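Enquirer: Provide a 3D model corresponding to the input given below.
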Amino acid sequence: MIIETKDVSLKYDSKEIVKDLNITIKKGEIVSIIGPNGCGKSTILKSLSRYLKPSNGKIFLDGEDIQKIDNKKAAKKIAILPQVRNVPNDFTVETLVSYGRYPHLGFGNRLRKKDFEIIDWAINKTGMDNLKTRTVGTLSGGEQQRAWIAMALAQKPEVLILDEPTTFLDISYQLEILELVKELNRTLNLTIIMVLHDINQAIRYSHTIYVIKEGNVYGYGDAKELIDLELLKNVFRIDADALEDRTNGCPYYIPQKMTSR
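Expert: Numbering: from 1, shown residues only. The predicted structure is shown next:
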């Protein structure tokens, strides 16, 4: 395993959002966290990336207590793309991606030849070669998301954490980003943890799914086997029809109506 939580509880001020969280992330997996709005999904990601310290329990990264790992060392292992990101619109793609190298810079914080090679590699890996001199403000939503992923890749992390990477994107860009995630996982053996709202996308693009309800793990397991009609009713309050996606070898659910609380 690469990440493990043991009896983790998470709070904002005095309000407990997540209680007794126990999850295990294996190296090289794509793991999706799904659940209703407000159930604690993004809060969990913040704790895994050290933005939020547990009020109880511990999180381990490669067997080490994540709160005791040096900041630079942690940044070399974990890259996160939160939902809200700000960068000047006149930054070029190349400039944005270069910020991913900062955890690796030595005295003086100057980029070296190796850093520029990695920046070019990350831009190429995300299919942004022809856009590297464009400013961020001129990019489409999907192109911007690729640029941010390129910046995260430039960190050369072992784990990439994505908080709702498809939000606000048209369906074509959603598929483009998820196909990129799948390709990065396959070619780099990159461990990817993401929060998704679309259950069918989570099933299609993940190895493992964790379902969160009211701050607790309701269920977890193989992405293609975990979700069923009973779970959809108990967690998401929907009745659905189950179909078979023969192309991708997984189930596909069509919501029909909300159930009573």
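Enquirer: Surely residue 226 and residue 211 touch.
Expert: Yes. Between residue 226 and residue 211 there is a contact under C-beta atoms under 8 Å: 7.1 Å. Glycine gets a C-beta too; all of them are placed from N, C-alpha and C.
Enquirer: When the two are compared, which one has more neighbours?
Expert: Using other C-beta atoms under 10 Å as the criterion, residue 226 and residue 211 rank with residue 211 on top: 26 against 19.
Enquirer: Need the three-state assignment for that one.
Expert: strand (DSSP: H, G, I helix; E, B strand; the rest coil).
Enquirer: which residues touch it?
Expert: 34, 35, 217, 218, 219, 220, 226, 227, 231, 235 (C-beta atoms under 8 Å, 6 or more residues apart in numbering).
Enquirer: Likewise for residue 122?
Expert: Contacts of residue 122 (C-beta under 8 Å, 6+ apart): 97, 100, 150, 151, 153, 154.
Enquirer: what about it, distance to residue 249?
Expert: Between residue 122 and residue 249 the computed distance is 31 Å (C-beta to C-beta, to the nearest Å).
Enquirer: can you check residue 58 too?
Expert: 37 Å.
Enquirer: higher neighbour count, the two?
Expert: Using other C-beta under 10 Å, the more surrounded residue of residue 58 and residue 249 is residue 58, with 14 against 9.
Enquirer: Restricted to helices, list the contacts of residue 211.
Expert: 226, 231, 235 (DSSP state H).
Enquirer: Name the nearest residue to residue 61, ignoring sequence neighbours.
Expert: Among residues not flanking residue 61 along the chain, residue 3 sits closest, at 5.8 Å (C-beta to C-beta, 6 or more residues apart in numbering).
Enquirer: Tell me how far that neighbour lies from residue 17.
Expert: In terms of C-beta to C-beta, residue 3 sits 19 Å off from residue 17.
Enquirer: the more surrounded of the two?
Expert: residue 3 (24 against 20).
Enquirer: Could you check the pLDDT of residue 152?
Expert: Residue 152 carries a pLDDT value of 94.
Enquirer: that's a helix at it, yeah?
Expert: Yes. Assessed by three-state DSSP, residue 152 belongs to a helix.
Enquirer: What count of nearby residues applies to it?
Expert: Residue 152 has 23 nearby residues by other C-beta under 10 Å.
Enquirer: Tell me if I'm right that it and residue 75 touch.
Expert: No. When contacts are counted by C-beta under 8 Å, residue 152 is not listed as touching residue 75 (10.7 Å).
Enquirer: Count the neighbours of residue 189 for me.
Expert: 11.
Enquirer: quick one: contacts for it?
Expert: Residue 189 neighbours (C-beta under 8 Å, 6+ apart): 27, 28.
Enquirer: Can you pull the poorly scored residue ranges out of the stretch 101-250 of the chain?
Expert: For the stretch 101-250 of the chain, the stretches with pLDDT under 70 are 106-108.
Enquirer: Over to residue 123: give its phi and psi.
Expert: phi -60, psi -40 (degrees, to the nearest 10).
Enquirer: show me what contacts it?
Expert: So residue 123 contacts 93, 94, 97, 129, 132, 150 (C-beta under 8 Å, 6+ apart).
Enquirer: what do you get if the cut-off is 6 Å, keeping everything else the same?
Expert: Applying C-beta atoms under 6 Å, 6 or more residues apart in numbering, we find residue 123 in contact with 97, 132, 150.
Enquirer: between those, which is closest to residue 171?
Expert: residue 150 (22.2 Å; C-beta to C-beta).
Enquirer: Would you map the helices across the stretch 51-200 of the chain?
Expert: 71-77, 93-98, 113-125, 141-154, 171-188, 199-205 (DSSP state H, counting those that start in this stretch).
Enquirer: Between these, which one is closest to residue 23.
Expert: Closest among these, using C-beta to C-beta: helix 199-205, at 15.2 Å.
Enquirer: On the pLDDT front, check the nearest residue to residue 53 once chain neighbours are set aside for me.
Expert: Among residues not flanking residue 53 along the chain, residue 67 sits closest, at 6.1 Å (C-beta to C-beta, 6+ apart). Predicted confidence (pLDDT) for residue 67: 91.
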